[in-house]
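J.: got a sequence here, can you build the structure:
(one chain, ligands or ions: 1)
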Amino acid sequence: MLQVYDSITQQHDLRLVIVAVFICFLAAYTTFSLIGRAVEAGAKARAWWIGAGAVATGSGVWATHFIALIAYQPNVPVGYALGPTLLSVLIAMVISGLGLAVSMTRAIGMPLLGGAIIGAGAGAMHYVGMSALVVPGIVESDTSTVIASLLIGIVGGGVAALIGLAKFDPTHRLSGAILLTLAICGLHFTGVTGAVVTPDPSAPMPEQTVSPVALAIAVTAVTLMVLCFALAGSILDEHLVSRSAKEAERLAASEARFRQLTDATFEGILMHKGSRIIDTNRAMSELMGVPQEALVGRDVMDCVADSSRPILRKYMGDDIDTACEIELRHADGTLIPAEVLTRTFRSEEGNGTTTHVLAVRDIRERKEAEERIRHMAHHDSLTGLPNRRMFMDRLVQVLARSKRDGTTVAVLCMDLDRFKHVNDLGGHAAGDELLRQVARRLGDSIRTEDTAARLGGDEFAVIQVGVAHPDGPGIMAERLVKSIGKPFDLGGAQTMIGTSIGIALHPGDGEEGEDLVRAADTALYRAKEAGRGTFRFFEAEMDVRLQERRLLERDLRQALAEEQLRVHYQPLADCGGGKIVGFEALVRWTHPVRGPISPVQFIPLAEECGLIMPLGAWVMRRACTDAATWPDDKLVAVNLSPAQFRHADLAKEILAVLKETGLPANRLELEVTESLLIDDPDRVLATLQVLKEAGVRISLDDFGTGYSSLSYLQRFPFDKIKIDRSFVSQMEKNADSMSIIRAVIALGKSLRIKVTAEGVESASQLNLLQQENCDLVQGYLLGKPMAKEDLGKMLSIASATHEAAAS
Ligand SMILES: Nc1nc2c(ncn2[C@@H]2O[C@@H]3COP(=O)(O)O[C@H]4[C@@H](O)[C@H](n5cnc6c(=O)[nH]c(N)nc65)O[C@@H]4COP(=O)(O)O[C@H]3[C@H]2O)c(=O)[nH]1
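T.: Residues are numbered from 1 along each chain as shown. Predicted structure coming up:
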């Protein structure tokens with residue numbers, strides 16, 4: 001070691017030694033850098049990198065040796081033989097290349113071997129280079145020193161490669177480079193130290209054309225250039241590779257994010273080139289029931305229903321901005337309504353084809369919602385039957401067909417009889433259930449091509465198509481009347497209702513749908529008038545009557561609002577003594593244009609259109625108010641329509657009016673008819689009972705005209721029975737009428753119910769009634785209904801009957 005040190009310090013130009021060491025380090029660093037590139041490069045590029053490494057390492061090692069040799073000053077002139085010098089360069093490059101190729105395989109032991117080869121190459125290069133020395137003397141090398149130098153080179157090179165290639169990072173590269181520098185320099189200086197130059201004066205002096213320093217500078221410059229190029233190339237490549245690795249990493253991350261994004265989206269995505277699917281997402285695979293990988297490669301058109309293919313083809317061809325609706329074919333064969341939106345990637349790839357993306361949205365829910373809304377818009381929510389709107393639409397279609405093929409169409413309009421009663425009594429739940437059951441029966445009673453609809457409330461209608469026989473609609477109406485006439489089970493309670501039906505036909509009764517429905521409606525009124533539970537065909541004259549009715553209804557509403565109505569009072573007198581016991585309140589309407597209209601005309605109308613409630617309440621309040629001003633012994637009799645009893649609070653309201661007007665309950669007499677008791681006797685009797693208990697009197701009006709059921713008289717203690725005026729008017733001519741009067745009076749006596757004879761117009765009638773011991777009389781003989789202003793005289797007359805009889 002000391003010898004080596006002495007040799008370096010005493011026999012070498014230290015400046016050149018430093019340059020040699022620097023070049024050696026640079027070459028060693030470049031070597032490791034190039035091995036790194038070769039390892040990371042592809043097969044083709046790897047050969048280039050090894051070649052470049054061979055040149056750089058070989059030239060670097062050789063330059064180290066050569067400059068260090070120039071730095072050697074053995075006290076004799078030194079020259080260099082060209083042949084061995086060039087050979088040493090070649091050896092350095094070839095063996096370094098071999099070492100690089102071995103070490104870069106990085107299999108176990110290979111870096112060590114590769115490094116050792118490089119070290120051995122450096123040794124071979126050194127001793128061949130030494131042989132190029134031309135001195136005036138003999139150059140001899142000590143064998144042990146030669147072995148030691150070669151060992152330093154081989155072992156040092158192996159260890160340097162082992163450490164330098166353990167990892168491709170700057171630290172390992174630097175460590176490897178330092179070790180390799182030490183190995184090569186150690187090899188060189190040990191080898192040089194062992195060389196002994198024995199001057200020989202006879203030997204020729206070497207030709208020295210170039211100064212050694214200039215030669216050193218030239219070699220240094222060229223080598224530095226080679227090494228710098230190699231190192232710069234390596235660094236640049238490393239930078240590029242790391243950048244492209246980062247780019248690839250970024251792309252991979254971006255693709256992963258993109259995939260996550262596309263997988264997270266609810267929309268199915270199909271990417272395709274031409275019609276071939278090249279990529280897809282999870283939503284699409286779920287939508288199709290096919291794994292993502294299985295979708296790739298398939299034809300886009302395979303994913304859609306046959307009927308959707310032309311639509312999709314056209315849509316994709318036109319590259320339209322708006323979405324289009326198609327049907328997808330799921331793996332299980334079901335068709336899924338979907339909305340697609342296509343987008344084209346204009347950025348073309350190498351082969352010039354364009355990529356398209358189909359965004360596919362499952363619109364099943366939307367379609368179902370639309371269907372529900374459509375259904376709701378066209379159907380009655382309670383019964384599920386078509387509603388008026390759909391009924392009219394169907395009718396328009398049916399009529400168009402009928403006009404084309406000349407077939408007959410019938411429209412049947414139906415109203416439920418006594419529906420209001422069920423609704424009032426059982427509540428809305430019962431009413432709803434009844435309507436549902438009616439709808440079912442309707443559906444069961446018609447053919448599939450016919451249409452049954454609920455037009456509103458308790459109104460139903462049927463369109464009967466292809467009527468082959470004129471009796472057809474009548475037969476159907478009969479069937480419907482029969483079906484609805486059967487009892488309904490409403491929560492265990494058997495309920496009977498009925499239906500009335502009006503029928504209109506096309507051609508004949510109307511050209512358009514509206515006309516036909518109006519005609520059927522008109523016929524329905526007629527059916528109801530005929531006593532309900534029946535049907536009527538439309539006849540032209542019905543229309544006129546209906547129009548008339550409608551006008552009257554409108555005017556009656558106005559009359560109520562504008563107080564055109566008045567209450568007149570007709571005296572009720574004691575039959576025997578003629579004393580006026582009270583007055584019957586009778587409503588009067590003087591129409592501003594048509595003049596007086598009879599209650600016989602407008603009361604039934606008011607009952608039908610629901611005006612009877614406000615009308616009845618108004619009469620009640622007016623009559624009680626007026627009667628409250630009369631003498632205490634005068635009562636007022638007020639007619640109650642059966643329709644008023646449908647109102648649950650009737651008794652309460654009457655008692656409230658009494659309280660409000662101050663009329664004592666025992667001065668109010670309510671006149672009810674027998675028909676009232678037929679529908680729901682228990683309820684009506686309960687209402688009457690409440691009123692009776694409050695002191696109000698109850699009178700059974702028009703007795704003899706209806707059922708004249710004695711059972712009602714027994715069940716409810718009426719205060720009065722009124723014999724209808726039709727019997728009184730016939731009593732003198734018709735023995736039967738007289739017999740009935742006599743029987744009713746007798747019945748009254750036995751049940752201790754007072755009997756009033758209505759419509760007494762003559763003194764002879766009065767006399768006869770007196771003979772039969774009738775209790776009370778009412779009629780034109782005693783006084784016509786009159787305005788309250790005209791009652792003054794009547795109220796003060798003690799015995800109206802006597803006066804009337806006397807006059
Ligand atoms: N030919 C003839 N007729 C006589 C005679 N005496 C009385 N009349 C008429 O007979 C009807 C008696 O009333 P009603 O039987 O209760 O029959 C009433 C009653 O059922 C109903 N009505 C009248 N006013 C009201 C009312 O305020 N409410 C209700 N619900 N019905 C009423 O209208 C029906 C008819 O009433 P009006 O036209 O006022 O007819 C009255 C009266 O004017 C007579 O000697 N000869």
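
J.: what about residue 22, how many neighbours?
T.: Here the number of neighbours of residue 22 (other C-beta atoms under 10 Å) works out to 15. Bear in mind the C-beta positions are built from the backbone N, C-alpha and C, glycine included.

J.: tell me the confidence at it?
T.: pLDDT for residue 22: 90.

J.: in the helix or strand hosting it, what counts as buried?
T.: Secondary-structure element containing residue 22, defined by DSSP states H and E: helix 14-40. Counting neighbours by 16 or more other C-beta atoms under 10 Å, one finds that the buried residues in helix 14-40 are 16-17, 19-21, 23-38, 40.

J.: and the residue of the chain positioned farthest from its centre, what element?
T.: Most distant from the centre of the chain: residue 202, at 113.3 Å, with distances by C-alpha atoms, centre = their mean. Counting by DSSP H and E, there is no helix or strand that carries residue 202.

J.: in the stretch 151-300 of the chain, which residue sits closest to the ligand?
T.: residue 266 (67.2 Å; C-beta to the nearest ligand atom).

J.: what about that residue, how many residues nearby?
T.: Burial of residue 266 is recorded as 8 neighbouring residues (other C-beta under 10 Å).

J.: contacting residues for it?
T.: Shown here is residue 266, whose contacts under the criterion C-beta atoms under 8 Å, 6 or more residues apart in numbering are 283, 361-362.

J.: got it, and residue 290?
T.: Contacts of residue 290 were listed using C-beta under 8 Å, 6+ apart, and they are residue 331.

J.: assign a three-state SS to it, would you?
T.: Local secondary structure at residue 290 is given as coil here, using DSSP: H, G, I helix; E, B strand; the rest coil.

J.: list the beta-bridge partners for residue 596.
T.: Residues in a beta bridge with residue 596, per DSSP bridges, are residue 590.

J.: residue 588 is in contact with that one, correct?
T.: Yes - contact status for residue 596 versus residue 588: in contact at 6.8 Å, counting by C-beta atoms under 8 Å.

J.: have a look at these two and say which one is more surrounded.
T.: Applying other C-beta under 10 Å to residue 596 and residue 588 shows that residue 588 carries more neighbours, namely 16 against 8.

J.: any idea whether the more buried one is helix, strand or coil?
T.: Bear in mind the rule, three-state DSSP; under it residue 588 is strand.

J.: for the residue lying closest to it once chain neighbours are set aside, what are its contacts?
T.: For residue 588, ignoring the flanking residues on the chain, the nearest one in space by C-beta to C-beta, 6 or more residues apart in numbering is residue 566 at 4.6 Å. Each residue near residue 566 by C-beta under 8 Å, 6+ apart is listed here: 587-590, 787.

J.: ok so, going back, so which of the contacts of residue 266 sit within helices?
T.: Here DSSP state H is the test, and those give residue 283 as lying in helices.

J.: and which of the contacts of residue 266 is nearest to residue 249?
T.: Top of the list for closeness to residue 249, among these and by C-beta to C-beta, is residue 283 at 27.4 Å.

J.: what about that closest one, neighbour count?
T.: The burial count assigned to residue 283 is 20, neighbours taken as other C-beta under 10 Å.

J.: repeat that for residue 146.
T.: The burial metric for residue 146, expressed as a neighbour count using other C-beta under 10 Å, is 18.

J.: please identify the helix or strand for it.
T.: Under the criterion of DSSP H and E, residue 146 resides in helix 143-164.

J.: thinking again about what came up before, which strands and helices sit next to the helix holding residue 22?
T.: Using 3 or more C-beta pairs under 8 Å, 6 or more residues apart in numbering; DSSP states H and E as the contact criterion, the elements in contact with helix 14-40 are helix 43-71, helix 82-103, helix 143-164, helix 170-193, helix 212-264.

J.: pLDDT averaged over the fourth one - what is it?
T.: Model confidence over helix 170-193 averages 89 on the pLDDT scale.

J.: ok, now the longest one?
T.: The predicted model assigns helix 212-264 a mean pLDDT of 78.

J.: can you state the direction angle for it and helix 43-71?
T.: Put simply, helix 212-264 runs at 150 degrees to helix 43-71, going by axes from the mean of the first three to the mean of the last three C-alpha atoms, to 10 degrees.

J.: pull the distance from helix 212-264 to the chain's centre.
T.: Relative to the centre of its chain, helix 212-264 is centred 56 Å away, using C-alpha atoms, centre = their mean, to the nearest Å.

J.: same check, this time on the first one
T.: A distance of 75 Å separates the centroid of the chain from that of helix 43-71, by C-alpha atoms, centre = their mean.

J.: which other helices and strands does that helix contact?
T.: For helix 43-71, the helices and strands in contact under the criterion 3+ C-beta pairs under 8 Å, 6+ apart are helix 14-40, helix 82-103, helix 110-131, helix 170-193, helix 212-264.

J.: can you confirm residue 503 is in a helix?
T.: No - Residue 503 sits outside any helix when classified using three-state DSSP, being strand.

J.: tell me the spacing between it and residue 470.
T.: 11 Å (C-beta to C-beta, to the nearest Å).

J.: who's more crowded, the two?
T.: Between residue 503 and residue 470, residue 503 has the larger neighbour count (other C-beta under 10 Å), namely 27 against 11.

J.: identify each buried residue in whichever strand or helix holds residue 794, please.
T.: Assigned by DSSP H and E, residue 794 belongs to helix 791-796. Neighbour-count burial for helix 791-796, counted by 16+ other C-beta under 10 Å, picks out 791, 794.

J.: kindly report the same for stretch 557-574.
T.: Of the residues in stretch 557-574, those buried by neighbour count under the rule 16+ other C-beta under 10 Å are 559-560, 565, 567-574.

J.: SS state for the residue of the stretch 151-300 of the chain closest to the ligand?
T.: Classification of residue 266 into helix, strand or coil gives coil, according to three-state DSSP.

J.: residue 631 now?
T.: Residue 631, by the three-state scheme (three-state DSSP), is coil.

J.: count the neighbours of it for me.
T.: Other residues within reach of residue 631 by the criterion other C-beta under 10 Å amount to 10.

J.: ok, and the closest non-adjacent residue to it?
T.: In this structure, residue 631 finds its nearest non-sequential neighbour in residue 795, 6.3 Å apart by C-beta to C-beta, 6+ apart.

J.: and that neighbour, what does it touch?
T.: Contacts for residue 795 were tallied using C-beta under 8 Å, 6+ apart; they are 580, 630-631, 634.

J.: any idea how far the spatially closest residue to residue 694 that is not a sequence neighbour lies from residue 691?
T.: Closest residue in space to residue 694, ignoring its immediate chain neighbours: residue 665 at 4.9 Å, by C-beta to C-beta, 6+ apart. If you measure residue 665 against residue 691 using C-beta to C-beta, the figure is 8 Å.

J.: what is in contact with those two at once?
T.: When C-beta under 8 Å, 6+ apart defines a contact, the residues bordering residue 665 and residue 691 alike are residue 655.
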